[in-house]
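S.K.: what shape does this take:
(2 chains)
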2 protein chains.
Amino acid sequence: MAASSRSRKRNGDERRRELCDAAIQVLAEHGSRGLTHGQVDRCAEVPDGTTSYYYRTRAALLRGVGKRVAEIDVANLQSVIDAPLEPLSPFAHLAELTMMQADGPGLMLNRARHELLMAAVRDPGLAETSQAFVARMNAMTRQAIAHLQPGTDDPALLDAQTTAVMTFIAGVFTRLAGGDRTISNAEQLARLLEAVATAVSLQRA
Amino acid sequence: MAASSRSRKRNGDERRRELCDAAIQVLAEHGSRGLTHGQVDRCAEVPDGTTSYYYRTRAALLRGVGKRVAEIDVANLQSVIDAPLEPLSPFAHLAELTMMQADGPGLMLNRARHELLMAAVRDPGLAETSQAFVARMNAMTRQAIAHLQPGTDDPALLDAQTTAVMTFIAGVFTRLAGGDRTISNAEQLARLLEAVATAVSLQRA
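M.R.: Predicted coordinates for the structure are as follows:
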């Protein structure tokens, strides 16, 4: 690839990322019903027609956004795996990450994720992206849980803990997306996540 | 109220229920984006304009559907409170009820509930209905948990268990709404719910 072609590709990738970040905001604020190419152009402050140039159809745009949301979520979860262990509160970092979805850009991401989840019901391509994403998050959460509980190496126990912790976090995301703040801070959530992981392990013992 | 007026009122209530049940199906199949008065008329097999007559605006229709979903959920949860206790598996009934949202009419209800949750972000009236509903489900879940664990009467413990169990069930609903069957049967879920309730109680002990 010539240097100019590489630079065009890099610029194209960057532009797509910008458009998808704008589309996340449009989805969060106006819902799937309010997502149009024109609305994304306006939100990204780019010339009319830019979003249509990069994503010809609404389905292509939704799949682009789905991949972008997955990319952000994967990077966030990777930070839990890479962080040094906090022995006193192993689930603190995961809980903080989850509670970031209560406000600001995290809440936007959270709401966009729910819109995509529902849109995937009617879009097999998007559903495929979404299933691959859930499988990857599952593998990463399992790795994070193993990291948070050194010495736990029973694969069936890790699977069961992963299912329980991921389901609990999905519930927190849904409550926060709807503005329900019953779970209101990372300390409370860290204790709950630890309780869930411990309970599954006691039940299997 | 004269007999004929009572009968008109009853017929009106029944017609509204029919239309809302059709709207639940439309929301589940076509999303908030596909919900129109005409689509509900066709789904309910009623003359064109019927839904507009009972619900003048889209917002009124959404609030009607929100109330109908709440009515069904409340009746379902009441059945857990009213059921005789199964000492060997106290959470079995609640788990079965939850897993009914994996398929058929339960899945429709589940998907419609998620569409309403997201629509409420942009509709303060719907958000109010939804918050009142969450508060009521919270009180009922607390009552159900107290019923399932005779002898537990520490109010703070019951609050904490309610938060944990409701969050877990919200996560199961979200996973099922998106077609994720990691939690695949009521026995598995009953064990998980019991683990969650026990864990919270051990943590507070």
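S.K.: briefly note if stretch A:108-123 comes near chain B.
M.R.: Yes - counting by Cβ under 8 Å from any Cβ of the partner chain, chain B is contacted by stretch A:108-123 at A:111, A:114-115, A:117-122. Bear in mind the C-beta positions are built from the backbone N, C-alpha and C, glycine included.
S.K.: of these, which is the most crowded?
M.R.: residue A:115 (30 neighbours; other Cβ atoms under 10 Å in any protein chain shown).
S.K.: so that one makes contact with residue A:25?
M.R.: No - assessed by Cβ atoms under 8 Å, residue A:115 is found out of contact with residue A:25, at 11.5 Å.
S.K.: quick one: list the elements packing against the helix or strand containing residue A:5.
M.R.: For residue A:5, the host element (DSSP states H and E) is helix A:3-30. Of the remaining helices and strands, those touching helix A:3-30 by 3 or more Cβ pairs under 8 Å, 6 or more residues apart in numbering or on different chains; DSSP states H and E are helix A:37-44, helix A:50-54, helix A:58-82, helix A:104-119.
S.K.: can stretch A:52-64 be said to contact chain B?
M.R.: No - for a cut-off given as Cβ under 8 Å from any Cβ, stretch A:52-64 has no contacts with chain B; the smallest distance is 10.2 Å.
S.K.: that stretch: which residues count as buried?
M.R.: For stretch A:52-64, burial by neighbour count (16 or more other Cβ atoms under 10 Å in any protein chain shown) applies to A:52, A:54-55, A:61-64.
S.K.: now do it, average pLDDT.
M.R.: Summarised as a single mean, pLDDT over stretch A:52-64 is 96.
S.K.: among the buried residues of stretch A:52-64, which one sits closest to chain B?
M.R.: Chain B lies nearest to residue A:62 out of those, by Cβ to the nearest Cβ, at 11.5 Å.
S.K.: which ones are touching residue A:167?
M.R.: When contacts are counted by Cβ atoms under 8 Å, 6 or more residues apart in numbering or on different chains, residue A:167 touches B:168, B:171-172, B:175, B:182-183, B:192.
S.K.: can you tell me which residues contact the residue positioned nearest the centre of chain A?
M.R.: The residue lying closest to the centre of chain A (Cα atoms, centre = their mean) is residue A:73, at 3.5 Å. Residues near residue A:73 by Cβ under 8 Å, 6+ apart: A:109, A:113, A:133, A:137.
S.K.: thought residue A:113 was touching residue A:176?
M.R.: No - using Cβ under 8 Å, residue A:113 makes no contact with residue A:176, being 10.9 Å away.
S.K.: next, the angle helix B:104-119 makes with the one helix or strand residue A:162 maps to.
M.R.: Assigned by DSSP H and E, residue A:162 belongs to helix A:155-177. Interaxial angle, helix A:155-177 versus helix B:104-119 (axes from the mean of the first three to the mean of the last three Cα atoms, to 10 degrees): 50 degrees.
S.K.: quick one: buried residues of helix A:155-177?
M.R.: For helix A:155-177, the neighbour count (16+ other Cβ under 10 Å) marks A:157-158, A:160-177 as buried.
S.K.: one more: stretch A:39-47?
M.R.: Applying a neighbour-count criterion of 16+ other Cβ under 10 Å, one finds A:39-41, A:43-44, A:46 buried in stretch A:39-47.
S.K.: just the closest of these to chain B, please.
M.R.: Nearest to chain B, judged by Cβ to the nearest Cβ, of the buried residues of stretch A:39-47 is residue A:39 at 13.3 Å.
S.K.: what about residue A:120, distance to residue B:170?
M.R.: For residue A:120, the distance to residue B:170 equals 19 Å [Cβ to Cβ, to the nearest Å].
S.K.: that older thread, gap between the helix holding residue A:162 and the chain center?
M.R.: In terms of Cα atoms, centre = their mean, to the nearest Å, the centre of helix A:155-177 is found 13 Å from the chain centre.
S.K.: the following helix or strand past that helix and chain B in contact?
M.R.: As assigned by DSSP H and E, the chain's next helix or strand after helix A:155-177 is helix A:186-204. Yes - applying Cβ under 8 Å from any Cβ, one finds helix A:186-204 touching chain B at A:191-192, A:194-196, A:198-200, A:202-203.
S.K.: quick check: buried residues in helix A:186-204?
M.R.: By neighbour count with 16+ other Cβ under 10 Å, helix A:186-204 contains the buried residues A:186, A:189-201, A:203.
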